[in-house]
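# fold the stuff below for me.
(2 chains)
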Amino acid sequence: MSSRYLILLAAAATAFAQNQHQLDLDSFEKVWTTVRDKHWQTKPGGLDWQAIHTEYRPRVEKSASPAEARAVLQEMLGRLGQSHFAIIPAAIYSVVDDEEGGPGVTGIDLRILDGQAIVVGIDAGSPAEKLGVRPGWQVLRSGGRELKLIIDQARSNSAIHELQLTRAVAARLTGPIGGTLSAAFLDGAGKTIDLNLSLTQPRGTLSAFGNLPAQHVWFESKKSGSSAYIRFNMFLDLPRVMAGFQQAVQDCKPCDGLIVDLRGNPGGIGGMAMGMAGFLVDKPNQRLGTMYMRDTTLNFVVNPRPEVFAGAVAVLVDGLSASTSEIFAGGLKDLGRARVFGTHTAAAALPSAFERLPNGDGFQYALANYISEGGQPLEGLGVTPDVEVPLTRAALLDGHDSVIDAALGWIRRQKTP
Amino acid sequence: MKRRVLNFALAALLSGITGAFAADPLPSAESILDRYVQVTGGKQAYAKRKAEIAHSTVEFAALGIKGTMTRYAAEPDKYYTSMDIEGLGKVEMGVNGQIAWENSALLGPRLKTGIERAEAIREGTMNSTANWRKLYPKVENQGIETVDGEECYKVVMTPAEGQPMVGYYQKKSGLQVKLTSIASTQMGDIPVELIASEYKDFGGILEPAKVTQKTGPQEFSITLDSVEANPVIPPGRFDLPPDVRKLVEKAPAQ
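Numbers count the residues shown, from 1 in each chain, chains lettered A, B, ... in the order given. As a prediction, this is how the structure comes out:
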């Protein structure tokens, strides 16, 4: 009887293993086919992609475990020699999945600084502001969970980028609108503060664009001394954001400088980078860069507007500045039209997509190549600021945004003879 | 087609026969284009059309984006098109005499130059279908290809300036069902393919009610909803918008 039971158990285990093995094979086919059909080069990475199939398929067939199959897939993608082709293990992937979040927010903008979740901004009138949360505070726990554990776990895998990690941690501060969230903070004096934060609508106006889920988009501009400061959270809601940008530039005719703050901006409609650059570049036939797809090459050309801002331009970026933000910042930097301040960008300038594979792993792949006007690909390399200025907890606690301070200082020096 | 030519050459060599085969001669490109004018209404119908306003719906199905398009055109070479696309705002373009321009919420105003300008001016020619002789100094029938299961003549139309257009005209109906070209744009040369279908009578001229256009990586459809034949065009409709006029004043003479 017990022997029969063991046989049944062994059979079940074998069936499970065979099922998992088939899922790994299906995942291999999905990855291989996706690269064949969607890579911007007909010979992906200059390789004979059919020969790659012949070489790697038997190795996945022989793999003894999901980890082994994954390693074969990663090696195959590595042969492309290109960034943004990655396999993310299911276990790690689940760390960055937003399983418990929701549309409601607390009004806190955070970044991961030195492995800690640090408040870098608070929306005016938000629940967090009302309860006295300050820039520089560390978020220790959310909903009873230690954020450091999530951060450490995600940082242990190089496939998880700063952009994904920050989004994943920020998602822990979301929930249903109208609900509350318990969170623990460490303030500037080293004191732990427990708060129950209300969850409200995100800042901005809900904006739809085709099949993209509707997004809350906000735009702000203000004068800061003899400079103007522009910030918006996404390159979306085109009519409103472009009109706001145009108005801010026109209002700044007598300004010494213009600051465009793209920190935290994940991009959006690529063409908006060209449209905005047209307010800042007066020479015709200038390009921000070139996008290469399988059948088409698109030059990101700038049309100088009838009235162009002639003063100094500073663009602020960080590890969450991606895609269109990188095209804008990198292109203006390469044209010598802007000085870039902050930290290295996300290096995700392309329409790269994430999909889940049949075996549960994640698969990231890029669809095109983008070369900035300076000759460097943004994908994988990103934009390196002219002036590296990291945000620090100490400066934030002191009421300073060191990146804005650096940009303002540079603009002032441009005016000084 | 190449294979058919090769077989003919081989057969000719083996049999010692020289000269053209009389059995299935290809019609001239000129006759195909004239037939297209004829089957879509005839020269007289086009001659009567002095101006028009066309109302269309545009859809980028893969992106989930829709919009509307209104095109005003008048003899001899004026047009103005206004598109309103969800999430992208207004896009205007036009030709007034020798000035071809575009203005959008996205990229702002600009003047078209070079080949792009020449293409826009060709596009702005009223009744371009009937006026093909003026627009394409060289036309050539390159043979027969199948489009959507139907045999079509493949006619290459070469303009004085710019890339050739390749039109596919059904043997059976004479209608143009496909057009390919390389569009010269500010962003670069982009392959364009148009598939025309559902021809309908719009004020005495047959026009495709549906055109599916592939432009580089993008695909969209244009549904022609209605055409006003010889309407009263609003005064100043073809005038340059103020921002475009500013660019003309700044630009060197073309």
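
# can you list the weak-confidence ranges in chain A?
A:1-18, A:83, A:91-100, A:158-160, A:351-354, A:416-417 (pLDDT under 70).

# which residues of it lie near chain B?
Counting by Cβ under 8 Å from any Cβ of the partner chain, chain A comes close to chain B at A:207-212, A:236-239, A:242-243, A:269, A:271-272, A:274-275, A:278, A:293, A:295-301, A:303, A:305-306. Quick note: C-beta positions are derived from backbone N, CA and C, even for glycine.

# show me where the stretch 101-250 of chain B has its helices.
Ranges of helices in the stretch 101-250 of chain B, per DSSP state H, counting those that start in this stretch, are B:114-123, B:132-135, B:242-250.

# would you mind telling me which of these is nearest chain A?
With distances scored as Cβ to the nearest Cβ, the stretch of the helices of the stretch 101-250 of chain B nearest to chain A is helix B:242-250 (4.2 Å).

# re earlier: just checking, which of the residues of chain A next to chain B belong to strands?
Applying DSSP state E to these, the entries found in strands are A:207, A:208, A:209, A:212, A:297, A:298, A:299, A:300, A:301.

# of the residues you listed, just the buried ones, ChimeraX syntax please.
Entered in ChimeraX, the line below selects the buried ones among those, by 16 or more other Cβ atoms under 10 Å in any protein chain shown:
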select /A:207,209,297,298,299,300,301
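
# what's the neighbour count on the closest residue to chain B within the stretch 1-150 of chain A?
Nearest residue of the stretch 1-150 of chain A to chain B: residue A:40, at 10.0 Å (Cβ to the nearest Cβ). Applying other Cβ atoms under 10 Å in any protein chain shown, we find 20 residues neighbouring residue A:40.

# grab the nearest non-local neighbour of it.
residue A:368 (4.6 Å; Cβ to Cβ, 6 or more residues apart in numbering or on different chains).

# give me the number of residues near the one you found?
Using other Cβ under 10 Å, residue A:368 has 21 other residues around it.

# residue A:164: which element?
Using DSSP states H and E, residue A:164 sits in helix A:162-171.

# list the buried ones in that helix?
So, applying 16+ other Cβ under 10 Å, buried residues of helix A:162-171: A:162, A:163, A:164, A:165, A:166, A:168, A:169, A:170, A:171.

# coming back round to it: check contacts around the residue nearest to residue A:40.
With contact taken as Cβ atoms under 8 Å, 6 or more residues apart in numbering or on different chains, residue A:368 is in contact with A:40, A:291, A:292, A:293, A:350, A:351.

# any idea how far residue B:105 is from it?
24 Å (Cβ to Cβ, to the nearest Å).

# and for residue A:392?
Using Cβ to Cβ, residue A:392 is found at 39 Å from residue B:105.

# which one's more surrounded, these two?
residue B:105 (21 against 15).

# without its sequence neighbours, what residue ends up closest to that one?
Excluding its sequence neighbours, the residue lying closest to residue B:105 (Cβ to Cβ, 6+ apart) is residue B:89, at 3.3 Å.

# model confidence at the one you found, what's the number?
On the pLDDT scale, residue B:89 is placed at 89.

# ramachandran angles for it?
phi 80, psi -160 (degrees, to the nearest 10).

# and it, what does it touch?
With Cβ under 8 Å, 6+ apart, residue B:89 has these contacts: A:238, A:239, A:242, B:104, B:105, B:106.

# need the residues you listed in TSV (columns: distance to residue B:96).
Converted to TSV, these look like this (distance: Cβ to Cβ, whole Å):
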residue	distance to residue B:96
A:238	27
A:239	26
A:242	25
B:104	18
B:105	21
B:106	22
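
# between those, which sits nearest residue B:116?
residue B:104 (14.9 Å; Cβ to Cβ).

# who's the residue lying closest to the closest one once chain neighbours are set aside bridged to?
Excluding its sequence neighbours, the residue lying closest to residue B:104 (Cβ to Cβ, 6+ apart) is residue B:91, at 4.3 Å. With DSSP bridges as the criterion, residue B:91 is bridged to residue B:83, residue B:104.

# and residue B:91, how many neighbours?
Neighbour count of residue B:91, defined by other Cβ under 10 Å: 19.

# measure it to chain A for me?
11 Å (Cβ to the nearest Cβ, to the nearest Å).

# same thing with residue B:166?
Separation of residue B:166 from chain A (Cβ to the nearest Cβ): 16 Å.

# and the nearest residue to residue A:45 once chain neighbours are set aside, helix, strand or coil?
Leaving aside its sequence neighbours, residue A:45 sits nearest to residue A:80 (Cβ to Cβ, 6+ apart; 3.7 Å). With DSSP: H, G, I helix; E, B strand; the rest coil as the basis, residue A:80 sits in coil.

# and residue A:80, what does it touch?
By Cβ under 8 Å, 6+ apart, the neighbours of residue A:80 are A:35, A:39, A:44, A:45, A:47.

# now it. Its backbone dihedrals?
With angles defined as degrees, to the nearest 10, residue A:80 sits at phi -70, psi -30.

# now do it against residue B:165, distance only.
Distance, residue A:80 to residue B:165, by Cβ to Cβ: 38 Å.

# ok, residue B:186 next?
Note on residue B:186: its distance to residue B:165, by Cβ to Cβ, is 20 Å.

# so between those two, which is more surrounded?
residue B:165 (22 against 18).

# surely the more buried one touches residue B:182?
No: if you go by Cβ atoms under 8 Å, residue B:165 and residue B:182 don't touch, sitting 9.3 Å apart.

# and the residue nearest to residue B:104, how far is that from residue B:228?
In terms of Cβ to Cβ, residue B:91 sits 21 Å off from residue B:228.

# before we move on, the earlier item: and the helices of the stretch 101-250 of chain B, which is most packed in?
The highest average neighbour count among those, using mean count of other Cβ atoms under 10 Å in any protein chain shown, belongs to helix B:114-123 at a mean of 18.

# mind checking how far that helix is from the chain centre?
For helix B:114-123, the separation from the chain centroid amounts to 12 Å (computed by Cα atoms, centre = their mean, to the nearest Å).

# could you do stretch B:212-226 as well?
Computed by Cα atoms, centre = their mean, the chain-centroid distance of stretch B:212-226 equals 12 Å.

# for that stretch, measure first residue to last.
In stretch B:212-226, first residue to last residue: 17 Å (Cα to Cα, to the nearest Å).

# give the buried residues for it.
Neighbour-count burial for stretch B:212-226, with 16+ other Cβ under 10 Å as criterion, is recorded at B:212, B:213, B:214, B:216, B:217, B:219, B:220, B:221, B:222, B:223, B:224.

# can I get the residues you listed in a markdown table including distance to residue A:231 and pLDDT?
Putting the buried residues of stretch B:212-226 into a markdown table (distance: Cβ to Cβ, whole Å; pLDDT from 0 to 100) gives the following:
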| residue | distance to residue A:231 | pLDDT |
| --- | --- | --- |
| B:212 | 40 | 96 |
| B:213 | 37 | 93 |
| B:214 | 38 | 88 |
| B:216 | 32 | 70 |
| B:217 | 31 | 66 |
| B:219 | 35 | 85 |
| B:220 | 33 | 91 |
| B:221 | 38 | 96 |
| B:222 | 38 | 96 |
| B:223 | 40 | 97 |
| B:224 | 43 | 97 |
